[in-house]
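Starting from these lines, generate the structure:
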Amino acid sequence: MKKLEAFSFCVDKSDTGKRLDAYIHERVNNYSRSLISQLIRDKHVSVSGEARKPGYRVKSGDHIAVEIPHAKASVFLPEPMDLSVIYEDECIIVIDKPPGLVVHPAPGHFSGTLVNGLLHHCPDLKGISGEIRPGIVHRLDKDTSGVIVCAKDGMSQLDLARQFKARIVRKEYIALVLGELKADSGKMDQPIGRHPSDRKKMSTRSKSSRIAETHWTIIDRFNGFSLVRVDLKTGRTHQIRVHFAAAGHPIVGDAVYSGKKTQRSALTEISRLVSTVTRQMLHAKSLRITHPKTREPISFEAPLPNDLVDLIDQLKSAGT
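Residues are numbered from 1 along each chain as shown. Modelled structure (predicted):
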């Protein structure tokens, strides 16, 4: 099999005792640790000529060889889709994702995803790094709308993935939350990890949390609601939703982190407007990256979706 890339290392004394998958991830950080672990299990990694497990503890003098195979052919079919393209060139494509659109195929969603649409729009789109995730370098939740950038070639995907990991990408969101935040701006920095009892959720009470930082600024206040601009410094799963829920101000329409009872708990007449909301009112408004080819900073913006605009107008009218 032809190899996309190959690496080799000799373990220093200072690295003795590290897990094999962790050691390789430190040295080749363009690839996810989960992918590296899979490569080890698939015997694409050898230690002094022998196959080892991901948890093998490396020793000084170990010679580690890593081979990255070409991505397997995509099993997902191209599908015609009316994509709202904000920007496109030979390296990247930027989409204004509507709410309700799943980004990547997964159990229960093997068709009708953004990836299926991209494969039709960009026929030569290819996977990379052994993962069948053509073009995907970051994600938005199914019911979150707004800007998402995708790569159109392997080198662009690696470069963008590096930018996201290094936290040099600027991401700005707009969120409508329950309750009136007292301050005009603030920061939330509770670590986030997998929920201790519900594996589909994230939590600030996890035993395996990672640093998370969310900055917010008030745009407007209504009777019982706040419209906020959110600047993400990190990119944990469900970060904005988890942080605001933990602060007692869950995002309007987010049944996962607040529940329908909480969404309807306010006793004001205005609160009844949220009963028709079918998704969390969270929008990825803008994104700034360094272009993977020109190396110039480039920014993209998506207008607020109609459902959020309509709800804001109703809240304004009800409060007058």
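
low-confidence ranges in the stretch 51-200 of the chain?
Judged by pLDDT under 70, the stretch 51-200 of the chain has its weakly predicted residues at 70-75, 106-109, 126-133.

which residues in the protein form strands?
Assigned by DSSP state E, the chain shows strands spanning 3-10, 45-47, 63-69, 85-88, 92-97, 145-151, 170-178, 185-188, 193-194, 202-203, 214-222, 225-232, 282-290, 297-301.

list the contacts for Phe6?
Let me fix one detail, which is that residue 6 is Ala and not Phe. When contacts are counted by C-beta atoms under 8 Å, 6 or more residues apart in numbering, Ala6 is found next to 65-68. (Each C-beta comes from the backbone N, C-alpha and C, glycine too.)

In TSV: these, plus distance to Asp153 and neighbour count.
Formatted as TSV, the contacts of Ala6 follow (distance: C-beta to C-beta, whole Å; neighbours: other C-beta atoms under 10 Å):
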residue	distance to Asp153	neighbour count
Ala65	26	14
Val66	22	20
Glu67	21	18
Ile68	16	21
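
need those residues in CSV with distance to Gly193, can you?
CSV is the format used below for the contacts of Ala6 (distance: C-beta to C-beta, whole Å):
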residue, distance to Gly193
Ala65, 33
Val66, 28
Glu67, 32
Ile68, 29
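
Looking at those, which is nearest Ala175?
When the contacts of Ala6 are compared for distance to Ala175, the smallest value, 38.3 Å, is given by Ile68; criterion: C-beta to C-beta.

distance of the closest one from Lys152?
20 Å (C-beta to C-beta, to the nearest Å).

Kindly report the same for Thr113.
Separation of Thr113 from Lys152 (C-beta to C-beta): 17 Å.

tally of neighbours for the spatially closest residue to Ile93 that is not a sequence neighbour?
In space, not counting the residues next to it along the chain, Ile93 is nearest to Cys150; the distance is 5.2 Å by C-beta to C-beta, 6 or more residues apart in numbering. Cys150 is flanked by 25 other residues according to other C-beta atoms under 10 Å.

Cross-check the contact I'm expecting between Cys150 and Val137.
Yes. Contact between Cys150 and Val137 holds when scored by C-beta atoms under 8 Å: they sit 6.9 Å apart.

Report the set of residues contacting both of the two.
By the contact definition C-beta under 8 Å, 6+ apart, Cys150 and Val137 are jointly contacted by no residue.

Identify each buried residue in stretch 145-163, please.
Using 16 or more other C-beta atoms under 10 Å as the test for burial, stretch 145-163 gives 145-154, 156-161, 163.

per-residue confidence for the nearest residue to Gly186 once chain neighbours are set aside?
Nearest non-adjacent residue to Gly186, counting by C-beta to C-beta, 6+ apart: Trp216, 5.8 Å away. Model confidence at Trp216, expressed as pLDDT, equals 98.
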